[in-house]
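>>> With the sequence up front, the predicted model follows.
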Amino acid sequence: MQSEHTKKKVIHGLFWRYLERTIAQGIQLAVSLVLARLLMPEEYGMMSLVTVFINIALVFVQSGFGNALIQKKEANHEDFSTVFYFSILFGVALYVLMFLAAPWISGFYRYEGLTPVIRVLSLSLILAGINNVQQAYVSRTMQFKKFFFSTVFGSILSAVTGIGAALAGLGIWALVIQQLTNQLTDTLILWITVGWRPRREFSLSSMKEIYNYGWKLLCSSLLDTVYNNLYTLVIGKRFSSSQVGYFDKGRQFPSLIIVNINATIQSVMFPALSSQQTDQKRLKAMTRRAITTSTFLIFPCMMGLAVTAEPLILLLLTKKWLPAVKFLQCYCLIYALWPVHTANLQAINAVGRSDLYLKLELIKKGTGLLILLITLPVGLDAMMAGSCVNAFIGLFLNALPNSRLLGYSLRELLKDLAPSGFLSLVMGGVVFAAGLFITNPLFKLLVQIPTGILCYVLTASLFQAESFNYIKDILKQIRVRKNES
């Protein structure tokens, strides 16, 4: 009965989380296309450099302690209030640090105009400190419907302000205004809709207990964020802001897809797995289900996007963005594996092994850094190839601990990935062949996209793919419940 209740909560959470991410990312994609036509690659590149430093600072506010509140078996109001005040204090301290460091960062990249941009955009650190605990509370209680409203309204309002600022000729400031408006709206709506409020209490013993678990996750997230943004930093310093713009825009398209599914898995599966942390058999089944279902959806999306990259860029962003194609195709491969990484790592965190999580991150990032140092002198193409190789190394490293913790062997993992991988390769070949003799970008996409969808669904049905049948059953259950109500 308990497992059935958990299953319903997970499905309900996945529905609202995925709906939230789909709508938000759809709005973000539309805004991105408009802004890419109004702004230059150089402006996007400079904004990407600023965002790197902001994202690194955000890790200290958002990562570790929020997850510790979710994972803790008996988290009380005192725990939440303690982390709330600590997060705000930390956010303010980091803002002051970024304010003082802004001229140095601008000087490092020889872009004097970055100083005021960094100082204004760093206000997001204070906002993150305010809503960090609200987000943890929503995740712990699995009230993901609240995320839907805050995210969607934030995306709509930021879209309007960002495009308006770009049309007014504000350049890079249009991107700053868009990002701050989004986070401010999200923070305000969560504050209004979430019932939890901090009390006037702060416990050092509570903070110590949360710190003992959270600091490892914080360090892991810091390593992950620094590494994921390392290429942006290196390209900006070694090459040019234009190349950073192409790199960032190429990475953005597959990211818009993967963030939907990956963020959904991460936010919903972690509290769900944590609630079952003493049941190894149940944990393994839930982890496998997350991997097989997510890859069944992600693999064909990434394959299709990689094959249609050139006509897509030409149609949506115009010829000036064509150098972004190679980056887009590279990140389709890298991001295709992200749901597998997430599911394995969430299982490790759910059983309280944040120490193991940190060790894995140290090994993976060390390997990635070594690959970057080897490929950097060769050029951008070699750097991208090395990044793809490192993604596969990470796949195996993340899976190894769960063979002991959950009894989920590497052989079982590869067996779970094989059906979706095979069907996606078949679909990719068909889509490529369908567009061989078509030159018009719009007509090419109108032929390739429906062909890919039809090919994947038919082959999945023909081979009776397990994930295909599982998704059909879930949709039937939803339809039945809707009819009954």
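Okay, I see it.
>>> Can you classify residue 284 by secondary structure?
Under DSSP: H, G, I helix; E, B strand; the rest coil, residue 284 falls in the helix class.
>>> check contacts around the nearest residue to it once chain neighbours are set aside.
What sits nearest to residue 284 in space, not counting adjacent residues and going by CB to CB, 6 or more residues apart in numbering, is residue 406, at 4.2 Å. Heads up, the C-betas are built off the backbone N, CA and C, glycines and all. Residues near residue 406 by CB atoms under 8 Å, 6 or more residues apart in numbering: 280, 283-284, 287, 347.
>>> Need the buried ones from the residues you listed selected in PyMOL.
Entered in PyMOL, the line below selects the buried ones among those, by 16 or more other CB atoms under 10 Å:
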select buried, resi 283+284+287+347
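>>> count of residues packed around residue 223?
Using other CB atoms under 10 Å, residue 223 is surrounded by 19 other residues.
>>> and what of residue 399?
21.
>>> which SSE is it in?
For residue 399, the enclosing helix or strand under DSSP states H and E is helix 380-405.
>>> The next helix or strand after that helix versus helix 380-405: what angle between them?
Next helix or strand after helix 380-405 toward the C-terminus (DSSP H and E): helix 410-434. Counting by axes from the mean of the first three to the mean of the last three CA atoms, to 10 degrees, helix 410-434 points 140 degrees away from the direction of helix 380-405.
>>> which residues are contacting helix 410-434?
288, 291-292, 295-296, 299-300, 302-304, 306-308, 340, 396, 399-400, 403, 447-448, 451-452, 455-456, 459-460, 463, 465-467.
>>> Now restrict these to buried residues only.
Judged by 16+ other CB under 10 Å, buried ones among the contacts of helix 410-434: 288, 291-292, 295-296, 299-300, 302-304, 306-308, 340, 399, 447-448, 451-452, 455-456, 459-460, 465, 467.
>>> Next step: these restricted to helices.
288, 291-292, 295-296, 299-300, 302-304, 306-307, 340, 399, 447-448, 451-452, 455-456, 459-460, 467 (DSSP state H).
>>> Provide the secondary structure category for the residue most central in space within the chain.
Per CA atoms, centre = their mean, the C-alpha nearest to the average position across the chain is that of residue 259, at 3.9 Å. Under three-state DSSP, residue 259 falls in the helix class.
>>> Mind pulling up the pLDDT for residue 112?
For residue 112, the model assigns a pLDDT of 72.
>>> no, scratch that, I was asking about residue 270
Here the pLDDT value assigned to residue 270 is 48.
>>> Over to the one 4 residues further on?
Per-residue confidence (pLDDT) for residue 274: 54.
>>> pLDDT value on the residue nearest to residue 284, please?
Reported pLDDT for residue 406: 80.
>>> Number of residues surrounding residue 380?
21.
>>> which ones are touching it?
Residues near residue 380 by CB under 8 Å, 6+ apart: 235, 239, 243.
>>> ok, now residue 34?
With CB under 8 Å, 6+ apart, residue 34 has these contacts: 163, 166.
>>> try residue 30
Each residue near residue 30 by CB under 8 Å, 6+ apart is listed here: residue 159.
>>> coming back round to it: between the contacts of residue 380, identify the one with the most neighbours.
Among these, residue 235 has the most neighbours (other CB under 10 Å), with 25 neighbours.
>>> end to end, how far does stretch 333-341 reach?
13 Å (CA to CA, to the nearest Å).
>>> can you list contacts of it?
Contact partners of stretch 333-341, identified using CB under 8 Å, 6+ apart, comprise 254-255, 257-258, 261-262, 265, 290-291, 294-295, 298-299, 302-303, 306, 387-388, 391-392, 394-395, 398-399, 413, 417.
>>> now do 7 Å
With contact meaning CB atoms under 7 Å, 6 or more residues apart in numbering, stretch 333-341 is reached by 254-255, 258, 261-262, 265, 291, 294-295, 298-299, 302, 387-388, 391, 394-395, 398, 417.
>>> Per-residue pLDDT of residue 233, please?
80.
>>> What's the mean pLDDT across the helix or strand hosting residue 368?
Using DSSP H and E, residue 368 sits within helix 354-375. Mean per-residue pLDDT for helix 354-375: 86.
>>> Over to stretch 292-306?
The average pLDDT for stretch 292-306 rounds to 90.
>>> Please apply the same query to stretch 320-335.
Summarised as a single mean, pLDDT over stretch 320-335 is 92.
>>> just to revisit the earlier point, what residues sit buried inside the helix holding residue 368?
Within helix 354-375, the residues that count as buried by 16+ other CB under 10 Å are 354, 356-358, 360-361, 364-365, 368, 371-372, 375.
>>> between those, which is closest to residue 323?
residue 375 (18.5 Å; CB to CB).
>>> quick one: the closest one and residue 382 touch, right?
Yes. Residue 375 lies in contact with residue 382 (CB atoms under 7 Å); the separation is 4.0 Å.
>>> for residue 170, helix, strand, or coil?
coil.
>>> Could you shift the numbering so residue one becomes 50, and keep it that way?
That works, and once the first residue is 50, the last one we named lands at residue 219.
>>> What backbone torsions are found at it?
phi -80, psi 0 (degrees, to the nearest 10).
>>> Give me the nearest residue to it, chain neighbours excluded.
Nearest to residue 219 is residue 226, by CB to CB, 6+ apart, at 7.3 Å.
>>> so who does that neighbour touch?
210-211, 214.
>>> picking that back up, who touches the helix holding residue 417?
Under the contact criterion CB under 7 Å, 6+ apart, helix 403-424 has outside partners 262, 265-266, 268-269, 272-273, 276, 279, 394, 397-398, 431-432, 435, 438-439, 442-443, 446-447, 450.
>>> Swap in 8 Å and give it another go.
By CB under 8 Å, 6+ apart, the residues outside helix 403-424 that reach it are 262-263, 265-266, 268-269, 272-273, 275-276, 279-280, 283, 394, 397-398, 431-432, 434-436, 438-439, 442-443, 446-447, 450.
>>> mind exporting it as PDB, just the C-alpha atoms?
Provided in PDB are the C-alpha atoms of helix 403-424 (Å, rounded to 0.1, in the frame of the first residue of the first chain):
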ATOM      1  CA  SER A 403      27.100  11.900   0.000                       C
ATOM      2  CA  ASP A 404      30.700  11.100   0.700                       C
ATOM      3  CA  LEU A 405      30.700   8.600  -2.100                       C
ATOM      4  CA  TYR A 406      29.100  11.200  -4.300                       C
ATOM      5  CA  LEU A 407      31.900  13.600  -3.600                       C
ATOM      6  CA  LYS A 408      34.600  11.000  -4.400                       C
ATOM      7  CA  LEU A 409      32.900  10.300  -7.700                       C
ATOM      8  CA  GLU A 410      32.800  14.000  -8.600                       C
ATOM      9  CA  LEU A 411      36.500  14.400  -7.700                       C
ATOM     10  CA  ILE A 412      37.500  11.500 -10.000                       C
ATOM     11  CA  LYS A 413      35.300  12.500 -12.900                       C
ATOM     12  CA  LYS A 414      36.300  16.200 -12.800                       C
ATOM     13  CA  GLY A 415      40.000  15.300 -12.500                       C
ATOM     14  CA  THR A 416      39.700  13.100 -15.500                       C
ATOM     15  CA  GLY A 417      37.800  15.800 -17.400                       C
ATOM     16  CA  LEU A 418      40.400  18.400 -16.500                       C
ATOM     17  CA  LEU A 419      43.200  16.100 -17.800                       C
ATOM     18  CA  ILE A 420      41.300  15.600 -21.100                       C
ATOM     19  CA  LEU A 421      40.800  19.400 -21.400                       C
ATOM     20  CA  LEU A 422      44.500  20.100 -20.800                       C
ATOM     21  CA  ILE A 423      45.500  17.500 -23.400                       C
ATOM     22  CA  THR A 424      43.100  18.700 -26.100                       C
END
